[in-house]
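> show me the folded form of this:
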Amino acid sequence: MNIPSHYQSDLFEAMVAREDVDLRVVYLHGASAERATEGWRDTHLQQPFETFTRGRATPANLDGLVPDWRDRIHLLGIHFFPELVSWFCEQRIPWCHWSEVPGIRLAELVGFRMPLYRLLNPLMLALKRRDGRLLGRHALGVFGQGRLAHRAFRTMGVPDQRIADLYYSPAPLQRHDPAADVARFAAGRKVILSVGALCRRKGIDVLLKAFARLDAPGWCLVLCGLDRANGAYRRLAAKLGVAERVLFLGAYPSDRIAEVYAAADLFVLASRFDGWGAVVNEAASLGLALVATDLCGAAWHVVEDGVDGYRVRAASPGSLMQALRRYVDDPELAARHGRAARLRYEEHFTPATNADRLVRQLALWSAR
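Residues are numbered from 1 along each chain as shown. Prediction:
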């Protein structure tokens, strides 16, 4: 792994709890300062099965990190550990790739202008066919964060039988009393919640425009996340005439985020691009109705369109507004979808189910 993440640690704990798994986890780095400002823990409580490279993970220092590395199946990202990948290929050591859908760098390059991104993305993936050949010829298999990643790997030339799903799977959040500052602001109104940094990639401008078009006085919008736009979204809310109905909550520590979800009725991830979007899992675990865009991995799995929420077109205020309108027009819909979201989470997206998914697939590929 590149850095510790509370979104992955729960999966590791679930794997360690199994009798058929002997797990070792090696991190390249500690948690970044950038993630810490977003509410992630800036220190990581190291578990007995974890270690840090304190440098680079290379064939030369692998013996000191994982002494029995020759006897293990390795799960890694080829771009974080290129030297190890080359070494594993030469030594015929079984390894698997695991990553989100490629494309974030292209999306950043085009300024998250999504029509241009959708046009150029097939070309970008075609240029990655060298990586696809490497994965198809040498990897035991390729794990991707759901349908979007699967489709991308297939375009890169990886055979379907070498691709499987492996999601981010944070543990269910514990029920908590609603955050007092959110409850005071809502003052009896229904709450639409977004959790994530306030930036263009997260589609905060799209969400504000959709909310303004909604024109629903009985609803308010809460934006929980670090402001990376120097107040631009506060100014946009004022320009759109909704400043009195939008709460800019700021970043919340990850170990208290359940308080914020508990104060909401509906969760929205309006991102222009998100490889997965683990906040959708968190919202589902607490029984919130879900709305997410079609360029978020979780929108194709945690969200079952029309059952526990809606999948909308990325960067489209109109598409997002239409989904929100359904909840405004039907006061009971959010509660019904929230109950379905929690059931779906418990059946398919807990750390234990994800660990089972991983072990079953590794057994299948190893047998082949």
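> so where's this structure uncertain?
Counting by pLDDT under 70, the chain contains low-confidence ranges at 29-44, 54-57.
> spatially central, which residue of it would that be?
residue 277 (2.6 Å; Cα atoms, centre = their mean).
> show me the contacts for it.
269, 271, 292, 296, 297, 298, 299 (Cβ atoms under 8 Å, 6 or more residues apart in numbering). All C-beta atoms are positioned from the backbone trio N, CA, C, and that covers glycine.
> where exactly do the strands run in this protein?
Secondary structure of the chain (DSSP state E): strands located at 25-27, 50-52, 74-76, 95-99, 141-144, 163-165, 190-195, 219-224, 246-248, 266-269, 289-293, 309-312.
> report the distance from the second one to the chain centre.
I take that to be strand 50-52. Chain-centre distance of strand 50-52: 23 Å, with Cα atoms, centre = their mean, to the nearest Å.
> oh, and call the first residue 19 from now on, that's how I've got it
Yes, from this point I'll number from 19; that puts the last item at strand 68-70.
> quick check: neighbours of that strand in the sheet, parallel or antiparallel?
Under the criterion DSSP bridges, strand 68-70 sits next to strand 43-45 (parallel) in its sheet.
> buried sites along the strand it pairs with?
Neighbour counts using 16 or more other Cβ atoms under 10 Å place 43, 44, 45 of strand 43-45 among the buried residues.
> now, which of these sits nearest residue 175?
Nearest to residue 175 among those: residue 44, at 28.6 Å, using Cβ to Cβ.
> show me what the closest one bridges to in the sheet.
residue 69.
> how near is residue 367 to residue 220?
Distance, residue 367 to residue 220, using Cβ to Cβ, to the nearest Å: 21 Å.
> now residue 63
Residue 63 is 28 Å from residue 220, by Cβ to Cβ.
> neighbour count for those two, which is higher?
Between residue 63 and residue 220, counted using other Cβ atoms under 10 Å, residue 220 has the larger neighbour count: 25 against 8.
> who touches that one in this structure?
Contacts of residue 220 (Cβ under 8 Å, 6+ apart): 212, 214, 243, 287, 288, 289, 290, 292.
> same thing with residue 71?
Contacts of residue 71 by Cβ under 8 Å, 6+ apart are 44, 45, 46, 79, 83.
> what is the nearest of these to residue 91?
residue 44 (13.8 Å).
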